[in-house]
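[1] here you go, sequence then predicted model.
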Amino acid sequence: MEILVQGLKEGFLLIWQMDAEIFDVTLLSLQVSLTALVLSALIGVPLGAALALTKVRGKQVILNTVYTLMGLPPVLAGLLVYLLLTSRGLLGQYELLFTPAAMVMAQVLLAAPIVCGLTARAVLALNQEVYDTAATLGATRRQATLSIMREARMGIIAALTTALGRVIAEVGAVMLVGGNIRWSTRVLTTSIVLETRMGNFSTAIAIGIILLTISFAINLFILTLEKRTFRYENTIQIT
Amino acid sequence: MKTPFKLHNIVKRYGEREVLNIDQLSIPAGNIYTILGPNGSGKSTLLRIMALLLVNDEGQLEVLGEKVIWQKGQLLRLRRQMSMVTQTSFMFQGSVYYNVAYGLRARQMSAKKVRRQVGEMLEMVGMTAYRDADARTLSGGERQKVAIARALAVNPRVLFLDEPTSNIDLASATDIENHIRQINKQRKTTIIMVTHNLFQARRLADEVMFISDGRIIEKGTAEELFSQPRDERTAAFLRGETVF
């Protein structure tokens, strides 16, 4: 307990002093995770919607595969990207291993199935009457599809926040493909592992606080945006 | 347009089960045409096929003078001349205004025209005060009025009503029936209504068709069908013996 309190004190001091290395690590974490989230959204949202809205052979098997990949172990994702980027791998010639790009790739592999699977679930949960109403009011297929996505948006936002939680807290994959190289590929989570191993608990706690604060701030931003955009959302009242 | 709908040997199946088999049906323009029948008789399936929301398995469908080939462009062109109010009157997330403006915005109408048209429609159904209210918090009757305003905003030639008053109180139902009558008389909109409410059908309909097990049992003017049903199944339904 004493170590924790001491760590918290020193942690806040470190944040207050704006340590250059911690600042760099924080910035890289944000860059990698947000890039991975945007790419995952670009891949996962349309794919999830398409899976939900189209009749394809083996749809259940595909959905089941996506749901399975939602629980993909980060180390396995890291290993797959590592094998892809290693000098003998399919993309070895691009020399991306131990770069932030490799870390983004690993995180996309983890986050895209989450976005895709949860988007598909959100769309599948809607009734036929959403499309029927849009169609009978003269919407084109594109307009009707956009209306369906609009109705499913709460679920899609939940998918994005879940995916963000997954990538920002992830350590196994980025450690494997990034290598935790100082001033290059070190991010918040890999720093925590390193500092803990070195016995620098206060630094580790400081980084942990930063990680949680960032996650809190991003989620707060999303929720505020959601509240402004979706002011007609209802909260179920339990009396 | 004398006959907005012509159906010839229309068959619809769900798996092996045949739910609809309509040999010949022509619906005249400008009338209130009511489709009566017990639950599960195929009324809503027939309505959804005519509204081009469900593809028939067999037969030929003619809508507003065009043979339906289920091609994307044709569907949009035809659908834009019709609209529908359903039993649940689904509301999109958003305000009453957003919902009533939906069809107009889909047609890329200018914001000024949309505002004017929505205003007129809300006034017509007596819902102007609810313009900015959350559409999903309205009562059943209010939702139904908004759904009617939304359907009429696009100035349809044909209006489909699928059990439009089944979930609402008597006062609201009377109010909505008055609107239906008014729309038909003033705009000459063809109204095709599905209901199992005999009294409503009798009050509103010009022509009535009785359907059971997916087949037309009897059709004629409301006066004929209600006072002198030719088929025993129709008579049993009118006596209230086969509602379910």
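    Alright, I've got the coordinates.

[2] show me what counts as buried in the lengthiest helix in chain A.
    Ranked by residue count and defined by DSSP state H, the top helix of chain A is helix A:20-53. Residues of helix A:20-53 classed as buried: A:22, A:25-26, A:28-29, A:32-33, A:35-37, A:39-41, A:43-45, A:47-49, A:51-53 (neighbour count, 16 or more other CB atoms under 10 Å in any protein chain shown). Every C-beta, even on glycine, is put in place using the N, C-alpha and C of the backbone.

[3] same question, stretch B:3-23
    Of all the residues in stretch B:3-23, those buried under the rule 16+ other CB under 10 Å are B:4-5, B:7, B:10, B:12, B:18-22.

[4] flag the shaky bits of chain B, pLDDT-wise.
    For chain B, the stretches with pLDDT under 70 are B:1-2, B:242-244.

[5] next to chain A, which bits of it? Give me the list.
    Contact residues, chain B versus chain A (CB under 8 Å from any CB of the partner chain): B:48, B:51-53, B:72, B:76, B:79-80, B:82-84, B:86, B:88, B:90, B:92-95, B:102-103, B:106-107, B:134-137, B:150-151, B:154, B:160.

[6] quick one: name whatever helix or strand follows the top helix by length along chain B.
    If you go by DSSP H, chain B has its longest helix at helix B:170-187. Along the chain past helix B:170-187, the next helix or strand (assigned with DSSP states H and E) turns out to be strand B:190-195.

[7] in its sheet, which strands sit next to that next one, and in what direction?
    Neighbouring strands of strand B:190-195 in its sheet, by DSSP bridges, are strand B:32-36 (parallel), strand B:158-162 (parallel).

[8] between helix B:170-187 and it, find me the angle.
    160 degrees (axes from the mean of the first three to the mean of the last three CA atoms, to 10 degrees).

[9] tell me what the next helix or strand after strand B:190-195 is packed against?
    The helix or strand immediately downstream of strand B:190-195 is helix B:198-204, counting by DSSP H and E. Applying 3 or more CB pairs under 8 Å, 6 or more residues apart in numbering or on different chains; DSSP states H and E, we find helix B:198-204 packed against strand B:32-36, helix B:170-187, strand B:190-195, helix B:222-227.

[10] which of the residues in helix B:198-204 are buried?
    Neighbour counts over helix B:198-204 (16+ other CB under 10 Å) mark B:198, B:200-202, B:204 as buried.

[11] what's in contact with that helix?
    Identification of contacts with helix B:198-204 by CB atoms under 8 Å, 6 or more residues apart in numbering or on different chains yields B:32, B:34, B:36, B:165, B:173, B:177, B:180-181, B:193, B:195, B:208, B:222, B:226, B:237-238, B:240.

[12] just confirm B:Leu7 is within a strand.
    Yes - assignment of B:Leu7 by DSSP: H, G, I helix; E, B strand; the rest coil places it within a strand.

[13] look up how far B:Ile69 lies from the residue lying closest to it once chain neighbours are set aside.
    In this structure, B:Leu7 finds its nearest non-sequential neighbour in B:Leu25, 4.2 Å apart by CB to CB, 6 or more residues apart in numbering or on different chains. Counting by CB to CB, to the nearest Å, the separation of B:Leu25 from B:Ile69 is 19 Å.

[14] ramachandran coordinates for A:Asn127?
    Torsion angles at A:Asn127 (phi, psi; degrees, to the nearest 10) stand at phi -90, psi 160.

[15] so which of the helices and strands packed on helix B:198-204 is the most packed in?
    Mean neighbour count (mean count of other CB atoms under 10 Å in any protein chain shown) peaks for strand B:32-36 among the helices and strands packed on helix B:198-204, with a mean of 27.

[16] show me where the chain has helices.
    Answering for chain A, as no chain was given. Per DSSP H, chain A carries helices over the ranges A:2-17, A:20-53, A:59-69, A:74-85, A:100-124, A:128-136, A:141-151, A:153-168, A:172-178, A:188-197, A:201-229.

[17] oops, chain B please
    B:43-50, B:72-79, B:96-106, B:111-124, B:140-153, B:170-187, B:198-204, B:222-227, B:232-238.

[18] let me have the ones you listed in TSV, extended by distance to B:Glu62.
    What follows is the helices of chain B, written out as TSV (distance: least, CB to CB, whole Å):
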stretch	distance to B:Glu62
helix B:43-50	10
helix B:72-79	10
helix B:96-106	24
helix B:111-124	30
helix B:140-153	22
helix B:170-187	22
helix B:198-204	25
helix B:222-227	24
helix B:232-238	26
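
[19] residue contacts, the residue nearest to B:Glu62 when sequence neighbours are not counted?
    The shortest distance from B:Glu62 to any non-neighbouring residue, by CB to CB, 6+ apart, is to B:Lys6 (3.9 Å). The contact partners of B:Lys6, by CB under 8 Å, 6+ apart, come to B:25-27, B:60-62.

[20] let's see that with 10 Å instead.
    Residues counted as contacts of B:Lys6 (CB atoms under 10 Å, 6 or more residues apart in numbering or on different chains) are B:24-27, B:60-63, B:65, B:67.

[21] over to B:Leu138?
    Listed by CB under 10 Å, 6+ apart, the contact partners of B:Leu138 are B:89, B:91, B:96, B:99, B:127, B:130, B:144-147.

[22] out of those, which end up buried?
    Buried members of the contacts of B:Leu138, scored by 16+ other CB under 10 Å, are B:89, B:91, B:96, B:99, B:127, B:130, B:144-147.

[23] report how many residues lie close to A:Asn127.
    As a burial measure, A:Asn127 scores 11 neighbours (other CB atoms under 10 Å in any protein chain shown).

[24] follow-up on the earlier one: could you dump the helices of chain A into a markdown table and include distance to B:Leu122 and mean pLDDT?
    As requested, these are exported to a markdown table (distance: least, CB to CB, whole Å; pLDDT from 0 to 100):
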| stretch | distance to B:Leu122 | mean pLDDT |
| --- | --- | --- |
| helix A:2-17 | 54 | 78 |
| helix A:20-53 | 32 | 95 |
| helix A:59-69 | 42 | 95 |
| helix A:74-85 | 53 | 96 |
| helix A:100-124 | 31 | 97 |
| helix A:128-136 | 18 | 95 |
| helix A:141-151 | 21 | 96 |
| helix A:153-168 | 26 | 93 |
| helix A:172-178 | 55 | 95 |
| helix A:188-197 | 53 | 94 |
| helix A:201-229 | 24 | 85 |
